[in-house]
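Enquirer: Give me coordinates for this.
(chains A and B)
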Amino acid sequence: MLWSNFPYLLKGAVVSLQVTVFSIIFGIILGLFVALGRLSGARIIRFVCAAFVEFIRGTPLLVQIYIVYFALPQLGVQLDPIPAGVLAIGINSGAYNSEIFRGGIQSIDKGQTEAARSQGMTYWQTMRYVILPQALRRIIPPLGNEFVTLIKDSSLVSIMSVHELTFRAKLVAARTYNYFTMYIGTAIIYFIMTFITSKLLGLLERRLRISD
Amino acid sequence: MIKVDNLHKYFGRLEVLKGVNTEIKAGEVVVILGPSGSGKSTLLRCLNLLEKPTSGKIWVDGQEVTHPKVNIYKVREEIGMVFQQFNLYPHLTVLKNIALAPIKVRQKSKEEADSIALQLLDRVGLSEKALSYPRQLSGGQQQRVAIARAMAMQPKVMLFDEPTSALDPEMISEVLNVMKDLASEGITMVCVTHEMGFAREVADRVLFIDGGVIVEEGRPSEIFNNPKSERTQLFLSKIL
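Expert: Numbers count the residues shown, from 1 in each chain, chains lettered A, B, ... in the order given. Presented below is the predicted three-dimensional model:
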């Protein structure tokens, strides 16, 4: 039962991973800028970024997906399901990432910034060559947890009929009435993906620690 | 080379510098002495604008660095700084620590920056450490690298903010020797330190700061042997 549908589900898992990876990339870029905004000298930028983070963290991801996919079209912004999912999950993840980045950046000694600035480096040069390379080592473990979370959260795009893992499982289950096998099987596939991801991240973390 | 005119600095409501005036000539080695909390480090950090002066004017090499339209990055390129805690970049090798700013700020080629870095490492006696990381060095070695790093920008002025205060006693002299070597080269140096031997031997002039103002200044022999102000006498009696 599960085996005959396995290739079909696996194709869905690939879609799930695609949504995850694009969301992660978007979330990291957004998170970095929001983090820098929260550390900015300008009060208004700090406020806007803090408000963004609070709002995103204080509302359900499912509702955020509804807003992007169903509410934005009424304002004339129509997105296909997958880009809509990536946008919503990426924004959501960006808010959480920004806190991770902020913590990482703030954990770097102030003397590092002063040394770089005293040599005539600009804000961006200081960030890029001195602060971020050091912060990254501290950011990777919590960021890894965020990756794992996103693999699971990607299942939410099934509500937009994206043919990813969860949606395909639902289709097969509805057709065959074999809910138990299909959903347990699907859960196991998700687990394998998250388990491998966290093991790989653990490996990366150890390598970084050795080079530290 | 440096002129400071009526410099005031507040931290919140606390007035740390209460109108500092001084002038430092090119090639001069000036040591700033004073009790802790007297404002000596703040004065030094105002010179390269790591602290923003509340009021007053500062000129470095003919340019008013406190002017609102000044390019503060350009100003800092010409002013090297050495910190109490070294502040080397821990993720970079010694060589890259020194070559980073020349490459990124001075736009030098990697080859040129590396060759400058190696020359300077040779000068501070650490050629064999070029590929080590800062954590593999002793405090004294790290501070010598930090001096080389500052010198790699070929600055017109070098600022030293208590460069030996975080060092074990047996490592102080190796750092002071590098500083003496620089002083003999004729680079302008401003140095906050508690090393009286260094001040006596190397300084052209000593500024004694207390309570946010320059209480007394003069040649080291005058200040140490014949201090005029009571506060200077009291300070010296405690540390000598």
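Enquirer: Now residue 101: which helix or strand?
Expert: Reading this off chain A. According to DSSP states H and E, A:F101 maps onto helix A:81-106.
Enquirer: right idea, wrong chain: chain B
Expert: Going by DSSP H and E, B:A101 is in helix B:94-104.
Enquirer: Export that helix to CSV, keeping only CA atoms.
Expert: Taking C-alpha atoms only, helix B:94-104 is exported to CSV below (Å, rounded to 0.1, in the frame of the first residue of the first chain):
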residue,chain,number,x,y,z
VAL,B,94,48.2,36.8,12.1
LEU,B,95,49.1,37.6,8.6
LYS,B,96,45.4,38.2,7.6
ASN,B,97,44.9,40.3,10.7
ILE,B,98,47.5,42.7,9.5
ALA,B,99,46.7,42.6,5.8
LEU,B,100,42.9,42.9,6.1
ALA,B,101,42.6,46.7,6.4
PRO,B,102,45.3,47.5,3.9
ILE,B,103,43.4,45.3,1.3
LYS,B,104,39.9,46.4,2.1
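Enquirer: How many neighbouring residues does A:L136 have?
Expert: A:L136: 15 surrounding residues under other Cβ atoms under 10 Å in any protein chain shown. Just so you know, the C-beta spots here come from the backbone N, C-alpha and C atoms, and that holds for glycine as well.
Enquirer: Now do the contacts for the nearest residue to it once chain neighbours are set aside.
Expert: Distances taken as Cβ to Cβ, 6 or more residues apart in numbering or on different chains place A:G104 nearest to A:L136, at 7.2 Å, with adjacent residues excluded. Neighbouring residues of A:G104 by Cβ atoms under 8 Å, 6 or more residues apart in numbering or on different chains: A:A135, A:L136, A:R138, A:I139.
Enquirer: redo that, cut-off 7 Å
Expert: By Cβ atoms under 7 Å, 6 or more residues apart in numbering or on different chains, A:G104 lies in contact with A:A135, A:R138, A:I139.
Enquirer: what's the answer for B:D168, then?
Expert: B:G139.
Enquirer: where do the strands sit along chain B?
Expert: B:2-11, B:14-24, B:29-33, B:55-60, B:63-64, B:79-82, B:157-161, B:188-192, B:205-210, B:213-218 (DSSP state E).
Enquirer: Which residue ranges of chain A form helices?
Expert: A:6-38, A:43-57, A:61-66, A:81-106, A:110-118, A:123-125, A:132-153, A:165-176, A:179-211 (DSSP state H).
Enquirer: Using CSV, lay out those helices together with mean pLDDT.
Expert: Listed next are the helices of chain A as CSV, based on pLDDT from 0 to 100:
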stretch, mean pLDDT
helix A:6-38, 94
helix A:43-57, 96
helix A:61-66, 95
helix A:81-106, 95
helix A:110-118, 96
helix A:123-125, 94
helix A:132-153, 91
helix A:165-176, 91
helix A:179-211, 88
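Enquirer: Quickly note the distance from B:E28 to A:A84.
Expert: 67 Å (Cβ to Cβ, to the nearest Å).
Enquirer: Between those two, which has more neighbouring residues?
Expert: Between B:E28 and A:A84, counted using other Cβ under 10 Å, A:A84 has the larger neighbour count: 23 against 19.
Enquirer: How much space separates that one from A:I91?
Expert: 11 Å.
Enquirer: Which residues of chain B lie near chain A?
Expert: B:48, B:50, B:73, B:76-77, B:81, B:83, B:85, B:87, B:89-91, B:100-101, B:104-105, B:153 (Cβ under 7 Å from any Cβ of the partner chain).
Enquirer: Give me the contact list for the longest helix anywhere in chain B.
Expert: Using DSSP H to define each element, chain B has its longest helix at helix B:169-185. Contact with helix B:169-185 is made by B:29, B:124, B:138-140, B:143-144, B:147, B:158, B:160, B:163-164, B:167, B:189, B:195, B:198, B:202, as judged by Cβ under 7 Å, 6+ apart.
Enquirer: Generate a ChimeraX selection restricted to the buried entries among these.
Expert: In ChimeraX, this line selects whichever of the contacts of helix B:169-185 come out buried by 16 or more other Cβ atoms under 10 Å in any protein chain shown:
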select /B:29,124,139,140,143,144,147,158,160,163,164,167,189,195,198,202
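Enquirer: among the contacts of helix B:169-185, which are in helices?
Expert: In helices, defined here by DSSP H, the members of those are B:G139, B:G140, B:Q143, B:R144, B:I147, B:F198, B:V202.
Enquirer: how many other residues sit next to the closest residue to the third one other than its chain neighbours?
Expert: Among residues not flanking B:Q143 along the chain, B:V175 sits closest, at 4.8 Å (Cβ to Cβ, 6+ apart). Per other Cβ under 10 Å, the neighbour tally for B:V175 reads 25.
Enquirer: And B:V175, how far from chain A?
Expert: Distance of B:V175 to chain A, given as Cβ to the nearest Cβ, to the nearest Å: 17 Å.
Enquirer: Could you check how far that residue is from B:M153?
Expert: 19 Å.
Enquirer: Once you drop chain neighbours, what's closest to B:E78?
Expert: B:K156 (4.7 Å).
Enquirer: Let me know the pLDDT of that neighbour.
Expert: pLDDT recorded at B:K156 is 93.
Enquirer: Ok, the one 10 residues further on next?
Expert: pLDDT for B:A166: 92.
Enquirer: Ramachandran angles for it?
Expert: phi -100, psi 10 (degrees, to the nearest 10).
Enquirer: can you count the residues close to it?
Expert: Count around B:A166 with other Cβ under 10 Å applied: 14.
Enquirer: likewise A:F70?
Expert: Neighbour tally, A:F70, other Cβ under 10 Å: 12.
Enquirer: Also A:I67?
Expert: 14.
Enquirer: ditto for A:P81
Expert: The burial count for A:P81: 19, using other Cβ under 10 Å.
Enquirer: quick one, what contacts the closest residue to it other than its chain neighbours?
Expert: Ranked by Cβ to Cβ, 6+ apart and with sequence neighbours excluded, the top spatial neighbour of A:P81 is A:M160, at 3.8 Å. Counting by Cβ under 7 Å, 6+ apart, A:M160 touches A:Y69, A:P81, A:A84, A:G85.
Enquirer: Any idea how far stretch B:42-51 is from the middle of the chain?
Expert: Average the C-alpha atoms of stretch B:42-51, do the same for its chain, and the two points are 10 Å apart (Cα atoms, centre = their mean, to the nearest Å).
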